[in-house]
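# Need a 3D model of the sequence below.
(chains A and B)
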Amino acid sequence: MVDTERLRQGDEEAFREFVGETERLLMSVGYGILLNTEDARDAVQDAYLRFWRSRERLDSAGYIRAYLVQILRNVCLTMLKKRANAVGIDEVPEQGKRDNTSSRLDEKEVISRAMAVLKEKERMIVAMIHYENLDSGEVGEILGLSASTVRSHYQNARTRMKNYIIRYFPEFVR
Amino acid sequence: MDCKEIRNLLPLFQRGLLDADTAKAVSGHLVSCAQCREALELENRISAGLDSLFDGKADEMKLSGIADRVLEESTGEKPVSDVRFPVKRVFYGGALAATVVFALLFSFLFHHTSISEINLIREAPVRTALLNHSPVRAPEIRDIQRKTTVTRLKENVVWISYKN
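Presented below is the predicted three-dimensional model:
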């Protein structure tokens, strides 16, 4: 782990190390929220820039990854508001309507659409658990939640995804 | 635990997020229940789909040189200080707020006594009378023949302006 004090003092080498350690986590969280690679890349770069500009505020006793993820989350939420969200969420079929194109969709597209049904916090948790292989305790540390709350969010998210898939993409279940 | 409870726990079971005792209970149930095993298969497919969703994008999402781009973009910038509201900013903000308050106060005080309005009152012949009821029902009455305008300012107080 990179020393917080070095980051506070503006050590560029420490920042490069820090980016190397955290960029995959950030990309997975960014992609989890935005469901769009290009937007996620922009959001992550913006988050690192904000983090670097505010480095003097870093609390040496604090958990830097949590601070960084919080910055990214705010950037992503602003992007979601500005752009009325990315492709994935726009393509979610309306409630009560079956999607006629469902038979043409591959598995990844089905999963991507099911992810889009989730709330932003649930998507973050799913992204961290699946893409980063973090356990509920680690995810909770980053998001400021207890491990049991993370497990509960994850359980709800997976149930909603499953129900959505069964309802709109029954061929996936067979 | 019944089948419904077991199925709710399957996503956690499958990711290894359950405590040892609950995991043991779930796996014991799965041995004897074909329907729950079928449900676990679906959960496995969803889980595998989630894993592959990101793996497929891993190449697209490589962020080569992001640290250098950030450092380049912030070259010459001063980092945001610990003090969120520096004294200077507070001073200028206070001065601006005070100016706005005074401007509003003065505009309110002198609004009804502009020079043209004072002249109109001075030029008008003054007649006074004590009235029980206001002679003006509408806020403003214009008498075209006498070239006067009667405006009710308060109950029983009217402002008559003449145009000669």
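# gap between the helix or strand harbouring A:Arg160 and the chain center?
For A:Arg160, the host element (DSSP states H and E) is helix A:147-168. Relative to the centre of its chain, helix A:147-168 is centred 15 Å away, using Cα atoms, centre = their mean, to the nearest Å.
# just stretch A:119-131 next, same as before
On Cα atoms, centre = their mean, the centre of stretch A:119-131 falls 5 Å from that of its chain.
# And for residue 46, the neighbour number?
This is for chain A. Using other Cβ atoms under 10 Å in any protein chain shown, the number of residues around A:Asp46 comes to 20. For every residue, glycine as well, the C-beta is placed using N, CA and C.
# My question was about chain B, not that one.
Neighbours of B:Ile46 (other Cβ under 10 Å): 23.
# can you map out the helices along chain A?
Remark: helices assigned in chain A by DSSP state H are A:4-8, A:12-34, A:37-53, A:64-83, A:87-90, A:107-116, A:120-131, A:136-143, A:147-168, A:170-173.
# picking up where we left off before, got the CA coordinates for the helix holding A:Arg160 in CSV?
The C-alpha trace of helix A:147-168 is given here as CSV (Å, rounded to 0.1, in the frame of the first residue of the first chain):
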residue,chain,number,x,y,z
ALA,A,147,-20.4,-6.8,6.0
SER,A,148,-23.9,-8.1,6.7
THR,A,149,-25.4,-5.0,5.0
VAL,A,150,-23.2,-5.7,2.0
ARG,A,151,-24.4,-9.3,1.9
SER,A,152,-28.0,-8.2,2.2
HIS,A,153,-27.6,-5.7,-0.8
TYR,A,154,-25.8,-8.4,-2.8
GLN,A,155,-28.5,-11.0,-2.1
ASN,A,156,-31.3,-8.5,-3.1
ALA,A,157,-29.4,-7.6,-6.2
ARG,A,158,-29.0,-11.2,-7.3
THR,A,159,-32.6,-11.9,-6.6
ARG,A,160,-33.8,-9.0,-8.7
MET,A,161,-31.5,-9.9,-11.5
LYS,A,162,-32.7,-13.5,-11.5
ASN,A,163,-36.4,-12.4,-11.4
TYR,A,164,-35.8,-10.0,-14.3
ILE,A,165,-34.1,-12.7,-16.4
ILE,A,166,-36.8,-15.2,-15.7
ARG,A,167,-39.5,-12.7,-16.7
TYR,A,168,-37.9,-11.1,-19.8
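# Can you tell me the element the nearest residue to B:Ile160 once chain neighbours are set aside falls in?
Closest residue in space to B:Ile160, ignoring its immediate chain neighbours: B:Val150 at 5.2 Å, by Cβ to Cβ, 6 or more residues apart in numbering or on different chains. Secondary structure assignment for B:Val150, by DSSP H and E: strand B:148-154.
# Tell me how chain A divides into domains.
Chain A is divided into the following domains under automatic domain parsing: A:4-83, A:91-173.
# Return the member of those domains having the minimum mean pLDDT.
Among these, domain A:91-173 has the lowest mean pLDDT, at a mean of 83.
# Can you confirm whether that one lies near chain B?
Yes - with Cβ under 8 Å from any Cβ of the partner chain as the criterion, chain B is reached by domain A:91-173 at A:107-108, A:110-112, A:114-115, A:126-127, A:129-131, A:135-136, A:151, A:154-155, A:158-159, A:161-162, A:165, A:172-173.
# Just the buried ones from these?
A:108, A:110-112, A:114-115, A:126-127, A:129-131, A:136, A:151, A:154-155, A:158, A:161-162, A:165, A:172 (16 or more other Cβ atoms under 10 Å in any protein chain shown).
# where's B:Ala103 relative to chain A, distance?
35 Å (Cβ to the nearest Cβ, to the nearest Å).
# Retrieve the pLDDT associated with B:Leu130.
61.
# At the geometric centre of chain A, which residue sits there?
Most central in chain A under Cα atoms, centre = their mean is A:Val29, positioned 2.5 Å from the mean C-alpha point.
# Now do the same contact list for that one.
For A:Val29, the contact set (Cβ atoms under 8 Å, 6 or more residues apart in numbering or on different chains) comprises A:Val69, A:Leu72, A:Arg73, A:Cys76, A:Met124, A:Ala127, A:Met128.
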